[in-house]
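Engineer: Here is a sequence together with a model predicted from it:
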Amino acid sequence: CMAPPSDRVRANISLSATSCALRVTDITLRYAEWAWHTAAMWRTVESTPESPAPRAGHVLVKTADNVLLLHGGLGDGVLFDTVHEFRGETWRLLSTTGTKPAARTEHVAAVLGGELFVFGGWNAQLSSGGGGEIGDEIDVGELAEAEFFGGTFSLNLATQRWQRLTGASDPSPRRGACFASSSQQAALYIMGGHTSSTHVPDAVESTLIRF
């Protein structure tokens, strides 16, 4: 039995029928994937040639057939806009088409009805000279130039085609929100998040919005 993963910030976890997979990174961008099985032990999942680069602030969600999907994030000063699929024991970079969301971090995602939905986030690099790692000291001037995203995008998992959803009223741009899907109600829910580059209480959105 291996020791559990080390302490870290902004990891992601996703469940399957028999195990949960944890994609992990910390502020020094050490990188590994772990799986917790019903045998109650952690084990390292070996990297493959198409494994995602080390990152933080990404999203990781599970499909109905227990496939993991990873999107976005920030690593070593690079913002990502790609989607990786983890099926069985192997990562694969998806070749998507259509109108995809811009590279971003601290966004949210959920799977509903055969589609991956992505909302929010921002494009701050978080460090002007230290490699862009989450947890670095943040330059206020740089944050003022960051763009917060408010649009909703969906990726058809069968065709691997992105589209930008248009509606009467998108939720306000934000980062760090929470996202959930309800297959029974065919709905997506979003709550909270920061709506500016500061962390003051009145910059947090607290409305529950149903798409």
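Structural biologist: Now that the structure is in, tell me what you want to look at.
Engineer: Was I right to think Gly113 contacts Ser183?
Structural biologist: Yes: at 7.2 Å, Gly113 counts as touching Ser183 under the criterion of Cβ atoms under 8 Å. Heads up, the C-betas are built off the backbone N, CA and C, glycines and all.
Engineer: what's the helix or strand for Glu50?
Structural biologist: For Glu50, there is no helix or strand it lies in under DSSP states H and E.
Engineer: what's the distance between it and Thr195?
Structural biologist: 36 Å (Cβ to Cβ, to the nearest Å).
Engineer: Check Pro101 too.
Structural biologist: Distance from Pro101 to Thr195, by Cβ to Cβ: 18 Å.
Engineer: Which of these two has more residues huddled nearby?
Structural biologist: Neighbours were counted for Pro101 and for Thr195 using other Cβ atoms under 10 Å; Pro101 has more, 23 against 20.
Engineer: Would you mind measuring from the more buried one to Leu112?
Structural biologist: Taking Cβ to Cβ, one finds Pro101 at 16 Å from Leu112.
Engineer: quick one: the helices in this protein?
Structural biologist: 140-144 (DSSP state H).
Engineer: So, low pLDDT: which residues of it?
Structural biologist: 1-40, 125-145, 168, 197-209, 211 (pLDDT under 70).
Engineer: so the residue lying closest to Leu112 once chain neighbours are set aside bridges to which residues?
Structural biologist: Distance criterion Cβ to Cβ, 6 or more residues apart in numbering; nearest residue to Leu112, sequence neighbours excluded, is Ser181 at 4.1 Å. Beta-bridge pairing for Ser181 (DSSP bridges): Leu188.
Engineer: Does Ser181 touch Ala110 like I think?
Structural biologist: Yes: between Ser181 and Ala110 there is a contact under Cβ under 8 Å: 4.1 Å.
Engineer: Show the contacting residues for the nearest residue to Gly114 once chain neighbours are set aside.
Structural biologist: In this structure, Gly114 finds its nearest non-sequential neighbour in Leu157, 5.4 Å apart by Cβ to Cβ, 6+ apart. By Cβ atoms under 8 Å, 6 or more residues apart in numbering, the contact list for Leu157 reads 63, 69, 111, 114-116.
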